[in-house]
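[1] Any chance you can model this:
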Amino acid sequence: MSGSDYLKIWYRVQIGATLLILAMMMIRNYEFNRHRIALLLLCTVAILAVALVAELWEQLPSPIKRVNAWLQALTQPLILILAWDVITREIIVLLHLPSRGVVTLMIVYYFIMFAPFASVIGSQLTFSIERFIFAFWTVTVVFLPLMALPIDLIDNHFLLLALSTGAVGTVAYFILMTTAMRAWKLSWPGLRPHWSGDFNWWILLGLVVIDLLFTSLNVGQWPNLHLINWHLTMSAFEAGVTEETLFRFAVLGILFYAWRNIKQRLPLAIVTSALLFGLAHLSNAMLQHWDMTVLQALSAFALGLFFAVVYVYTGQLWLAIVMHGLLDWTSFIVTGSDLMKGATTWADWLSAILELVVFAGITAWMMFGQRRKVMERHVARLTGEHQHFGFMVRY
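    Okay, here's the model as predicted:
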């Protein structure tokens, strides 16, 4: 049996168990005259029942399978989170078990809860635009572990921070997207380098030095270690891992495959992913000044180019994650906030434009010579048909 076979078994068991638990909760709420809640639970039970039938009925017509795939892709993550909240709450309240131990164990399961869903449902999304939507939709959903779990049941400050800052959702999303990308036979995040003789260590050293120099210039001073706290540290962890997983790992991998017949797919995909990375930061306008948000988006576009180059040239996502996380962490510690405060000045705009020119210049320089060949080889490896779960268990 292959890894995907085990995930399929896990998927069926998880769907069946979740369906049973939510059905019991539906009956319970109906008996207590909570008809609206019972109706909501009835809808979730019906959706999971459709998922189970579609999974077990192999002769189901293809159009119905595709409709079900999208129904599950859009609703099943929310249903799983709802079930996770309900189970966690009921274990604490009904069994009177210690909140800290229960929440810790449930968080561990939350990390891996979406993996079977990503493998089974994700594998049915064959078009690049479908995979694109899947990546962006799931990243907004997995950060809702407190959707139906009262925070007053969590008596541990560290665990509450891990859930509320998105640190837990970050790990869950990384595992979800890693599983989905493997199901699509695309990128692997890169834990073991595959560097050949044409890989230039001086270029790698230069990229690291540039990153450290920019990080130090960005904060303008040595971070005050007394301002370090778990909230800012977890926020930096969430930003670094989530954004690199989405915009470098997932988006670049999907674009490389979608544009596999385009000669200039490498620079086109890098610029597109960086542009999307910049635009995503415009959502911060709800929490900070508009001019500061536009400045942040411009800076994010420039950094998106640089982080994409680092990722593709080395083939190692962890390096881009460390660079991104360190940049955010030092900035958060110096300012004492994970948001940009105040209004912009002409010096801020000049600095952002200079940043864009430098990183765009580095990106353009990497598109030529041996550097381009190394990156093209990594792109081919990250989108090759040989990408799959490669282990088997024989009996």
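[2] Would you state the predicted confidence (pLDDT) at Gly390?
    pLDDT recorded at Gly390 is 46.
[3] swap in Trp365?
    97.
[4] One more: Asp198?
    Model confidence at Asp198, given as pLDDT, is 80.
[5] In a helix, it, correct?
    No - read with DSSP: H, G, I helix; E, B strand; the rest coil, Asp198 is coil and lies in no helix.
[6] thought Phe307 was touching Met323?
    Yes - counting by Cβ atoms under 8 Å, Phe307 does reach Met323; the two are 6.5 Å apart. To be clear about C-beta, it is placed using only N, CA and C from the backbone, and glycine gets the same treatment.
[7] between the two, which one's more packed in?
    Neighbours per residue, other Cβ atoms under 10 Å: of Phe307 and Met323, the larger number sits with Phe307, 31 against 24.
[8] now the closest residue to the more buried one other than its chain neighbours, what's its secondary structure?
    Closest residue to Phe307 apart from its sequence neighbours, by Cβ to Cβ, 6 or more residues apart in numbering: Ala320 at 4.6 Å. Assigned with three-state DSSP, Ala320 falls in the helix class.
[9] Now stretch 272-290: average pLDDT?
    Stretch 272-290 shows a mean pLDDT of 91.
[10] Please read the previous query as pertaining to stretch 40-56.
    Mean pLDDT, computed over stretch 40-56, is 94.
[11] Likewise for stretch 298-305?
    Average pLDDT, stretch 298-305: 96.
[12] How about stretch 104-118?
    Looking at stretch 104-118 alone, the average pLDDT works out to 96.
[13] If you count neighbours, what's buried in it?
    Residues 106-107, 110-111, 113-118 are the ones in stretch 104-118 that count as buried (16 or more other Cβ atoms under 10 Å).
[14] same deal with stretch 44-57?
    Within stretch 44-57, the residues that count as buried by 16+ other Cβ under 10 Å are 44-45, 47-48, 50-52, 54-55.
[15] repeat for stretch 321-328
    321-325, 327-328.
[16] Over to stretch 334-354?
    334-335, 338, 340, 344, 348, 352.
[17] Helices - which of these land there?
    Counting by DSSP state H, the buried residues of stretch 334-354 place 334-335, 348, 352 in helices.
[18] Turn those into TSV, columns for pLDDT and distance to Gly369.
    Written out in TSV, the entries for these read as follows (pLDDT from 0 to 100; distance: Cβ to Cβ, whole Å):
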residue	pLDDT	distance to Gly369
Val334	86	38
Thr335	82	40
Asp348	87	35
Ala352	92	29
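[19] Just the closest of these to His226, please.
    The closest of those to His226 turns out to be Val334 (Cβ to Cβ; 11.9 Å).
[20] Provide a list of residue ranges in the chain with pLDDT below threshold.
    Low-confidence segments of the chain (pLDDT under 70): 190-195, 223-224, 384-395.
[21] for it, longest helix please?
    Max-length helix for the chain by DSSP H is helix 62-95.
[22] wait, what's in contact with Val13?
    The contact partners of Val13, by Cβ atoms under 8 Å, 6 or more residues apart in numbering, come to none.
[23] what about it, helix or strand, and which?
    Here Val13 is covered by helix 3-31, with elements defined by DSSP states H and E.
[24] C-terminal to that helix, which secondary structure element comes first?
    The element immediately downstream of helix 3-31 (helix or strand, assigned by DSSP H and E) is helix 35-56.
[25] what helices or strands is that next one leaning on?
    helix 3-31, helix 62-95 (3 or more Cβ pairs under 8 Å, 6 or more residues apart in numbering; DSSP states H and E).
[26] Would you mind putting those helices into CSV with distance to Arg265 alongside?
    Converted to CSV, those look like this (distance: least, Cβ to Cβ, whole Å):
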stretch, distance to Arg265
helix 3-31, 27
helix 62-95, 26
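[27] mind checking which of the ones you listed is nearest Leu186?
    Among those, the nearest to Leu186 by Cβ to Cβ is helix 3-31 (14.3 Å).
[28] quick one: that closest one to helix 35-56, angle?
    Helix 3-31 runs at 150 degrees relative to helix 35-56, counting by axes from the mean of the first three to the mean of the last three Cα atoms, to 10 degrees.
[29] Let me know the closest of the buried residues of stretch 104-118 to Val142.
    Relative to Val142, the closest of these is Phe114; by Cβ to Cβ it sits at 6.5 Å.
[30] Can I get the buried residues of stretch 104-118 in a markdown table including distance to Gln264?
    As requested, the buried residues of stretch 104-118 are exported to a markdown table (distance: Cβ to Cβ, whole Å):
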| residue | distance to Gln264 |
| --- | --- |
| Met106 | 47 |
| Ile107 | 44 |
| Tyr110 | 41 |
| Phe111 | 38 |
| Met113 | 39 |
| Phe114 | 34 |
| Ala115 | 35 |
| Pro116 | 37 |
| Phe117 | 35 |
| Ala118 | 31 |
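[31] and these as a markdown table, adding secondary structure and distance to Met147?
    Output for the buried residues of stretch 104-118, formatted as a markdown table (DSSP: H, G, I helix; E, B strand; the rest coil; distance: Cβ to Cβ, whole Å):
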| residue | secondary structure | distance to Met147 |
| --- | --- | --- |
| Met106 | helix | 14 |
| Ile107 | helix | 15 |
| Tyr110 | helix | 12 |
| Phe111 | helix | 17 |
| Met113 | helix | 13 |
| Phe114 | coil | 14 |
| Ala115 | helix | 20 |
| Pro116 | helix | 20 |
| Phe117 | helix | 16 |
| Ala118 | helix | 19 |
